[in-house]
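Enquirer: coordinates for the following, if possible.
(chains A, B, C and D)
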There are 2 protein chains.
Amino acid sequence: MADSRTPAPDKSGAASPAPAVTRAAAVLDALAASATGRLTLSDLSREVGIPKSSTSNLLLALEEARLITRHGSEFTLGRKLVELGAAYLGRMDEVQEFYRYCEQASVLSRETVRIAMLDGTNVIYLARYEGHPAVRLTSNIGDKMPVSLCAVGKALIARLNWHDIDEMFPDTAELPVMTPKSLRTGAELKAQLKEIREQGFAFEDEESTTGVVCLAVSVPTRGAHGPSLGLSVTALKATYTQEQGSQMVKELKELAHSLGNPMG
Amino acid sequence: MADSRTPAPDKSGAASPAPAVTRAAAVLDALAASATGRLTLSDLSREVGIPKSSTSNLLLALEEARLITRHGSEFTLGRKLVELGAAYLGRMDEVQEFYRYCEQASVLSRETVRIAMLDGTNVIYLARYEGHPAVRLTSNIGDKMPVSLCAVGKALIARLNWHDIDEMFPDTAELPVMTPKSLRTGAELKAQLKEIREQGFAFEDEESTTGVVCLAVSVPTRGAHGPSLGLSVTALKATYTQEQGSQMVKELKELAHSLGNPMG
DNA sequence: GGATAGCGTTCAGTTGACTGAACGGTGCTG
DNA sequence: CAGCACCGTTCAGTCAACTGAACGCTATCC
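Expert: Numbers count the residues shown, from 1 in each chain, chains lettered A, B, ... in the order given. This next block holds a predicted model:
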């Protein structure tokens, strides 16, 4: 799991309009971020920085809503979160369309394809099509990954305007590293982003997993407010060929275009 | 409950220790339950039954926590819910073990297998192993299904004590119907549950999808507090044989036993 | 075009939620 | 066995979050 630091910790000057809700969300975050996923009332009180008595009340309410579950004196995330997450995904027509397209595509139907969403400096995987039994991914739906480490992350970032990119990744920014080939600095990342913009798709060469390569494209934003979506194919470097790659990019782009324009 | 002079420690409704949290959860539920998944402030205020001004504050806090997202004047569920749901699933060792077992099993490795959780009168699908490209399920992870319509639902219900079952499904209860073969009444369902208890596994014969059959078993509850888990295999009725079925049940039971007893 | 109905926002008063210290219970430690 | 440290719970006082009516605004209707 990648460490994600709170992006914009609102200073104490700006109070929340419903503090109890903000705190409850912080409790959920703390549970999600903890190593074991099991924390006691005191743990949470310390972690989130609110008095025990207040935390106790929050936990009672969260438990009643099934957003958390109590196991003796420990708390874990609740199953209601799975339902809500599923409800979010179920409302995304793009996911349904994604499956349908992958099944009937000529090359992609036999590959491992994923659709992901940009979330700050991470991507979140929304769905996975597994047409290639030899390539089983360890990552699951909902998992996060730093953008600099995967093709789909780079494809999504490349669509942002240059000013935002510079802000997110200063030249000297140190990027998370997972393999010897991982990009190291903001400058390296931005050099690649220029390439990606020119060629219209992104590439990953063993930057997150040795032996594995990825291709990815971004989906033009549907409507005015939708999240940024991206598509990626994963292949084994050992069997990957240039020709195969260009065909996959072609189909990825076709799917991306179809997702971006519901009617066509 | 007799003395009306006591200062009423608990009113009939049993007030929540943190109402704002309970209300926020109700807002999320309302969004998840709505047909389109997009509601305005006024919609939510009416739906949940709280004043607009209060709702406005709740929504602001929820939006700040990214539990909901604002699109103009409409609100939808937020992507943070996908992360939290994934964190819940990622913490379930059973899911990881489920994948591992399916891959190395002799028969199941070539079938479509799922693991699901009981949630009231529905089951929620937690993970899906697809070893059989010919059978692609339309349901996704996190989707809900009435227990009476699927083998895994019946397997899970069958483990409850008879009193609870009678309460959930009176003889004359009308069950949801999806195909001509769907069970219609509580009495029909309970007759099947008796069979399931005797033979130790559940069966579904085109009750949710014509042309499709399912086998399922329940997992003995791990520890004292875990949720009720169930396993199911889906097959095409056209190619299904009795012999194949008994082998699949055997492997399902083995996996169930392994999930219920972490060390063995 | 004027009127209406509905939307989201604002604001001051009052109720009820949050605090923090003290309490009883439990599992280590010396 | 006594001592300690930590846990989760309780309770009364205080402060702030919630209410509800009034506001400005935009679409809709006659």
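
Enquirer: and A:T40, how close does it get to A:S56?
Expert: 11 Å (C-beta to C-beta, to the nearest Å). C-beta: built from backbone N, CA, C; applies to glycine.

Enquirer: where does chain A have low pLDDT?
Expert: A:1-15, A:133-134, A:136, A:138, A:222-226, A:262-264 (pLDDT under 70).

Enquirer: so in it, which helix runs the longest?
Expert: Assignment by DSSP state H gives helix A:242-260 as the longest helix of chain A.

Enquirer: can you list contacts of that helix?
Expert: A:94, A:97-98, A:101-102, A:105-108, A:111, A:200-201, A:215-222, A:229, A:231-233, A:235, A:264 (C-beta atoms under 8 Å, 6 or more residues apart in numbering or on different chains).

Enquirer: so how far is B:N122 from the spatially closest residue to A:V82 that is not a sequence neighbour?
Expert: In space, and not counting its chain neighbours, A:V82 is closest to B:G85: 4.6 Å by C-beta to C-beta, 6 or more residues apart in numbering or on different chains. The gap separating B:G85 from B:N122 is 16 Å, by C-beta to C-beta.

Enquirer: between the two, which one's more packed in?
Expert: Neighbours were counted for B:G85 and for B:N122 using other C-beta atoms under 10 Å in any protein chain shown; B:G85 has more, 27 against 18.

Enquirer: what about that one, helix or strand, and which?
Expert: Using DSSP states H and E, B:G85 sits in helix B:80-91.

Enquirer: what is that helix packed up against?
Expert: helix A:19-33, strand A:74-77, helix A:80-90, strand A:122-130 (3 or more C-beta pairs under 8 Å, 6 or more residues apart in numbering or on different chains; DSSP states H and E).

Enquirer: show me how far it is from its chain's centre.
Expert: Chain-centre distance of helix B:80-91: 15 Å, with C-alpha atoms, centre = their mean, to the nearest Å.

Enquirer: give me the buried positions along that helix.
Expert: Within helix B:80-91, the residues scored as buried using 16 or more other C-beta atoms under 10 Å in any protein chain shown are B:K80, B:L81, B:V82, B:E83, B:L84, B:G85, B:A86, B:A87, B:Y88, B:L89, B:G90, B:R91.

Enquirer: next: stretch A:181-195.
Expert: The neighbour-count criterion (16+ other C-beta under 10 Å) identifies A:S182, A:L183, A:T185, A:G186, A:E188, A:L189, A:K190, A:Q192, A:L193 as the buried residues of stretch A:181-195.

Enquirer: among the residues you listed, which lie within helices?
Expert: If you go by DSSP H, the buried residues of stretch A:181-195 have A:G186, A:E188, A:L189, A:K190, A:Q192, A:L193 in helices.

Enquirer: ok, and which of those reach DNA strand D?
Expert: Subset of those in contact with DNA strand D: empty, counting by C-beta under 7 Å from any atom of the strand.

Enquirer: with distance to B:V249 added, can I get those in a markdown table?
Expert: Shown next, in a markdown table, are these (distance: C-beta to C-beta, whole Å):
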| residue | distance to B:V249 |
| --- | --- |
| A:G186 | 56 |
| A:E188 | 54 |
| A:L189 | 52 |
| A:K190 | 56 |
| A:Q192 | 52 |
| A:L193 | 53 |
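
Enquirer: now render these as a markdown table, adding distance to DNA strand C.
Expert: Converted to a markdown table, these look like this (distance: C-beta to the nearest atom of the strand, whole Å):
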| residue | distance to DNA strand C |
| --- | --- |
| A:G186 | 36 |
| A:E188 | 42 |
| A:L189 | 37 |
| A:K190 | 37 |
| A:Q192 | 40 |
| A:L193 | 35 |
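
Enquirer: related to what we said a few turns ago, which residues are common contacts for A:T40 and A:S56?
Expert: With C-beta under 8 Å, 6+ apart as the test, A:T40 and A:S56 reach no residue in common.

Enquirer: any idea which helix or strand carries the residue in the stretch 51-200 of chain A that DNA strand C sits nearest to?
Expert: With C-beta to the nearest atom of the strand, the shortest gap between the stretch 51-200 of chain A and DNA strand C falls at A:S54, namely 2.3 Å. Following DSSP H and E, one finds A:S54 within helix A:52-64.

Enquirer: how's chain A carved up into domains?
Expert: A:19-83, A:92-260 (automatic domain parsing).

Enquirer: CSV for the ones you listed, including distance to B:V147?
Expert: Below are these laid out as CSV (distance: least, C-beta to C-beta, whole Å):
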stretch, distance to B:V147
domain A:19-83, 15
domain A:92-260, 24
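
Enquirer: quick one: closest of those to B:F169.
Expert: domain A:19-83 (21.5 Å; C-beta to C-beta).

Enquirer: chain center to the closest one, what's the gap?
Expert: For domain A:19-83, the distance to the chain centre is 23 Å (C-alpha atoms, centre = their mean).

Enquirer: what does stretch A:17-36 give?
Expert: With C-alpha atoms, centre = their mean, you get 19 Å for stretch A:17-36.

Enquirer: in it, what's buried?
Expert: Those would be A:18, A:20-32, A:34, for stretch A:17-36 by 16+ other C-beta under 10 Å.

Enquirer: before we move on, what about stretch A:38-52?
Expert: Here stretch A:38-52 shows A:R38, A:L39, A:L41, A:D43, A:L44, A:S45, A:E47, A:V48, A:I50 as buried, counting by 16+ other C-beta under 10 Å.

Enquirer: so who does the last one touch?
Expert: In other words, A:I50. Residues near A:I50 by C-beta under 8 Å, 6+ apart: A:R23, A:L58.

Enquirer: could you measure from it over to B:E64?
Expert: Distance from A:I50 to B:E64, by C-beta to C-beta: 17 Å.

Enquirer: just the fourth one next, same as before
Expert: Spatial separation of A:D43 from B:E64 under the definition C-beta to C-beta is 24 Å.

Enquirer: the first one too?
Expert: The spacing between A:R38 and B:E64, counted by C-beta to C-beta, is 27 Å.

Enquirer: now do the third one
Expert: For A:L41, the distance to B:E64 equals 24 Å [C-beta to C-beta].

Enquirer: again with A:T55
Expert: Separation of A:T55 from B:E64 (C-beta to C-beta) stands at 20 Å.

Enquirer: what about those two, which has more around it?
Expert: Set side by side, A:T55 and B:E64 show more neighbours around A:T55, with 22 against 18, by other C-beta under 10 Å.

Enquirer: just the element for the nearest residue to A:A202 once chain neighbours are set aside, please.
Expert: Leaving aside its chain neighbours, A:A202 sits nearest to A:A155 (3.8 Å; criterion: C-beta to C-beta, 6+ apart). Assessed by DSSP H and E, A:A155 sits inside helix A:151-157.

Enquirer: run through the neighbouring helices and strands of that helix.
Expert: Short answer (3+ C-beta pairs under 8 Å, 6+ apart): helix A:151-157 packs on strand A:112-119, strand A:122-130, helix A:186-199, strand A:202-205, strand A:212-219, strand A:229-236.

Enquirer: ok, the residue of chain A most remote from its centre to B:G78 distance?
Expert: Taking C-alpha atoms, centre = their mean, the residue of chain A most remote from its mean C-alpha position is A:S53, at 34.9 Å. Computed as C-beta to C-beta, the A:S53 to B:G78 distance reads 29 Å.
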